[in-house]
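>>> coordinates for the following, if possible.
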Amino acid sequence: MEATPGAKLFSPGRIGHMELRNRVVMAPMVVQLAAENGAVTARSIDYYARRAKGGAGLVIVEATWIALGGKAFACQLGLDRDALIPGHFDLVEAIHRHGAKAACQIHHGGARADPALTGGILVAPSAVAGYYIDNSRSLKNASGTGATPSAIAKSVTSALPRELTQQEILALVEAYASAAGRAQRAGYDAVEIHGAHGYLIHEFLSPASNLRADEYGGSAEKRMRFAARVIRRVREVVGAHFPILFRMSVESGYGIDEAVEIARAVEVYGVDAIHVSIGGIGPITLVPSDTSPMARPEGWLTGYAEIIKKRVTVPVIVVGEVRHPRFAEGVLAQGKADFIALARPLLADPDWPAKALAGKDDEIRHCISCDYCRLALLHTRPIRCLVNPEVGREREFASIGPAATAKRVIVIGGGPAGLEAARTAAARGHHVRLFERAAELGGQLRLAILPPQKEKIEWLRQCLITQAQKAGVELFTATPFQPEVLARGEADAAVIATGARPREETVAGARADQVVAAWDVLDGRPSARNLALLVLGGRQMGCETAEFLAGRGNKVTLVSRSPAADLAGDVVASYRAPLLARMRRLGVVTHTGCDVRGLNDGKATIVDARGREEAVVGADLVVLARGSLPQPTWVDALREKVPELYVVGDCVEPRDIASALYEGAWAGSRI
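Presented below is the predicted three-dimensional model:
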């Protein structure tokens, strides 16, 4: 699949009458940077302009609502009225200043709109609720009851929509066309019609959500009629030469064979390119249902894109876990697609295209498919990226320049916070030395890699090290920092990033060597195999450790003080359901709302919240996964010797990788 990048990826491309400088397309993602009324904000402009500056050929602006009744996200861009055109005009100008073309994706949420934003009303082709995974019903409990993976996949948590009348359908066709016209007037170079991901047009296309018996439902041809009318009416409004893209799901509610027919039909209706995606209605069968996003193979949709491409004549854009320039080049060279769409990779590193063009692949900060960015939608807050602290803060970081005076900086700790602080400070011209007591850099990233389906975290660890080295940081591993050795005046600034340590706990009746930290057992100390193991803690660390140990032939019981609904409750939804499903498949037994009274003769007594005995299970080893505590920071010892001090990461308070990287980058930018 891989090829030398450049020949295809950075050759000019064409969609209809629109010429592009290369084949890299920024795929649309709702980022929650708009105003509540749908208006473009300064942060919206900063975010999109930064991706254009990084070298993308086409920037497709996020799903933009065409009517208030289709609004799906609180701070989503809108184009349902003329008053919003000036903001979009400014946005397009900012994208154009950096040499990229701009398209606007027009969108109606259908049954997946948010009733809190639409006046309490949801509309759809039929009274079928939008498809969502209910992550609270994912794992059997000790009694063996619970939802199966197929039941989880079919669970629905959204409100029931009202079936659209034919008159309302025609009004929505006009709403799409009017929004497209506004996009054209705002200066966009193209418009993309959102026909994927379980939103309104996809709901009409899918037999799983379209149960109508009139001219808009029943046969495949009738289910396509709404899309046909939207595309043709948009074409009437924007004219023959304005490019129209159509984004479609090639699976989810129907299979690839029907997707091919949809693709052929929309070409006939008048689109200039087809953007291949997946999902939105019903389970996806292309990968096992218990596969976490991080474990999906690179370019997992390219095979489907190739099938579509063979049956249409318009260009095909493919998205889906494309991470490396050489892989992207291979997809194009083998004729599987005409353009490569990057969504999260351009969050992680907006300079992905520029670095790839310059042959600096090793400097790309790759998306690790952690789905941290989706928390913005879940919690109604601005977009953030786990690996790139600048996302959503583009203006703040753009104001950071070279240091006025080069200072001598020491960084204590080589985890993500320390490495990012060191890199940022060195890139600004400071002389930086980093001290790490362990033999390897990365801190807890070295442990985060070890549970199943987490291997891509190693990309981040290696990137942080490489970028620190290229910035000129002197890295000292297996070198514990000794504050008493540091002379007064030897350093102008210090960043303390000593990290965290596992929380310790005693278990009544257990021997000292019978209780180990999850950190240690993940690291192979001891190498537990074919034992009866008790894992204490039901959050991410506990659940991932339980899966890790069960996969090594151990009989694992997990005990959580929290209720079942909180199992792995600190994990993003797209990871939680697969994780709990894998635990179930491996035979992990859970006792939630419980604790351990004590051990006796290799057996553990589990009690409920009232102290009543619930079970007695084997426990050759007890694995503690109940959080961590900050490591000492030596702040008092250093305050008299170093005039400028910063404390960052888990040694302040144990949190997540994103917080560590942000604090490290911000500290390095302030020195």
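>>> which positions in stretch 233-253 come out as buried?
233-235, 237-238, 242-253 (16 or more other C-beta atoms under 10 Å). Heads up, the C-betas are built off the backbone N, CA and C, glycines and all.
>>> oh, that last question was meant for stretch 342-354, not what I typed.
Quick answer for stretch 342-354 (16+ other C-beta under 10 Å): 342-354.
>>> go on, stretch 20-36?
Going by neighbour count (16+ other C-beta under 10 Å), the buried part of stretch 20-36 is 20-35.
>>> likewise for stretch 161-181?
Pro161, Leu164, Ile169, Leu172, Val173, Ala175, Tyr176, Ala177, Ser178, Ala179, Ala180, Gly181.
>>> go on, stretch 529-548?
Neighbour-count burial for stretch 529-548, counted by 16+ other C-beta under 10 Å, picks out 531-548.
>>> go through the strand or helix carrying Leu91 and flag the buried ones.
Per DSSP states H and E, Leu91 falls inside helix 85-97. For helix 85-97, a neighbour-count test (16+ other C-beta under 10 Å) marks Ile85, Gly87, His88, Leu91, Val92, Ala94, Ile95, His96 as buried.
>>> likewise for stretch 632-649?
Counting neighbours by 16+ other C-beta under 10 Å, stretch 632-649 gives Thr633, Trp634, Leu638, Lys641, Val642, Leu645, Tyr646, Val647, Val648, Gly649 as buried.
>>> which of these lies closest to Glu329?
Glu329 has its nearest neighbour among the buried residues of stretch 632-649 in Gly649, at 37.0 Å by C-beta to C-beta.
>>> show me what contacts that closest one?
Gly413, Gly415, Pro416, Ala417, Gly418, Ala497, Thr498, Gly499, Ser659, Ala660, Glu663, Gly664 (C-beta atoms under 8 Å, 6 or more residues apart in numbering).
>>> quick revisit: export the buried residues of stretch 342-354 to CSV and tack on pLDDT?
Output for the buried residues of stretch 342-354, formatted as CSV (pLDDT from 0 to 100):
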residue, pLDDT
Leu342, 98
Ala343, 97
Arg344, 97
Pro345, 98
Leu346, 98
Leu347, 97
Ala348, 98
Asp349, 98
Pro350, 98
Asp351, 98
Trp352, 98
Pro353, 98
Ala354, 97
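>>> return the subset of these lying in strands.
Leu342 (DSSP state E).
>>> ok so Leu447 is a helix residue?
Yes - the assignment for Leu447 by DSSP: H, G, I helix; E, B strand; the rest coil puts it in a helix.
>>> my read: it touches Gly524, true?
No - with contact defined as C-beta atoms under 8 Å, Leu447 does not count as touching Gly524 (10.9 Å).
>>> flag every buried residue along stretch 382-396.
For stretch 382-396, the neighbour count (16+ other C-beta under 10 Å) marks 382-394 as buried.
>>> re the thing from before, what is the nearest of the contacts of Gly649 to Ala103?
Once C-beta to C-beta is applied, the member of these that ends up nearest Ala103 is Ser659, at 33.9 Å.
>>> which of the helices or strands spans the closest one?
With DSSP H and E as the test, Ser659 turns up in helix 657-670.
>>> first-to-last residue distance for stretch 50-63?
The first and last residues of stretch 50-63 sit 19 Å apart, counting by C-alpha to C-alpha, to the nearest Å.
>>> tell me which residue of the chain is furthest from the middle?
Asp601 (45.6 Å; C-alpha atoms, centre = their mean).
>>> how close does that residue get to Gly611?
Using C-beta to C-beta, to the nearest Å, Asp601 is found at 21 Å from Gly611.
>>> what's the answer for Arg182, then?
Taken as C-beta to C-beta, the span from Arg182 to Gly611 is 64 Å.
>>> what helices or strands is the helix holding Ser659 leaning on?
Under the contact definition 3 or more C-beta pairs under 8 Å, 6 or more residues apart in numbering; DSSP states H and E, helix 657-670 sits against helix 416-427, strand 493-496.
>>> quick one: residues in contact with the last one.
When contacts are defined by C-beta under 8 Å, 6+ apart, strand 493-496 is touched by residues 407-413, 418, 421-422, 425, 430, 633-635, 638, 642-648, 651, 664, 667-668, 671.
>>> for the stretch 151-300 of the chain, which spans come out with low pLDDT?
Applying pLDDT under 70 to the stretch 151-300 of the chain flags residues 151-158.
>>> quick one: the strands in the stretch 301-450 of the chain?
Here the stretch 301-450 of the chain has its strands, by DSSP state E, counting those that start in this stretch, at 316-318, 339-342, 408-412, 431-435.
>>> report the mean per-residue pLDDT for the shortest one.
The average pLDDT within strand 316-318 is 98.
>>> that one pairs with which strands, parallel or anti?
strand 273-277 (parallel), strand 339-342 (parallel) (DSSP bridges).
>>> contacts for it?
25, 245, 273-276, 299, 301-302, 305, 308-309, 331, 336-341.
>>> can you check stretch 636-643 too?
Contacts for stretch 636-643 (C-beta under 8 Å, 6+ apart): 410, 483-484, 486-494, 496, 645.
>>> again, only this time at 7 Å
When contacts are defined by C-beta atoms under 7 Å, 6 or more residues apart in numbering, stretch 636-643 is touched by residues Pro483, Leu486, Arg488, Ala491, Asp492, Ala493, Ala494, Leu645.
>>> how far does stretch 206-226 sit from its chain's centre?
Distance of stretch 206-226 from the chain centroid (C-alpha atoms, centre = their mean, to the nearest Å) equals 33 Å.
>>> would you map the helices across the stretch 351-500 of the chain?
Secondary structure of the stretch 351-500 of the chain (DSSP state H, counting those that start in this stretch): helices at 352-357, 375-379, 394-398, 416-427, 445-448, 457-471.
>>> let's have those in JSON lines, adding distance to Ala127.
Shown next, in JSON lines, are the helices of the stretch 351-500 of the chain (distance: least, C-beta to C-beta, whole Å):
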{"stretch": "helix 352-357", "distance to Ala127": "43"}
{"stretch": "helix 375-379", "distance to Ala127": "25"}
{"stretch": "helix 394-398", "distance to Ala127": "42"}
{"stretch": "helix 416-427", "distance to Ala127": "48"}
{"stretch": "helix 445-448", "distance to Ala127": "44"}
{"stretch": "helix 457-471", "distance to Ala127": "43"}
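>>> for Leu211, find the nearest of the strands paired with strand 316-318.
Counting by C-beta to C-beta, Leu211 lies closest to strand 273-277 out of those; the figure is 23.9 Å.
>>> check contacts around His400.
Just to correct that, residue 400 is Ile rather than His. Ser669.
>>> let's see it at 8 Å
Contacts of Ile400 (C-beta under 8 Å, 6+ apart): Arg428, Ser669.
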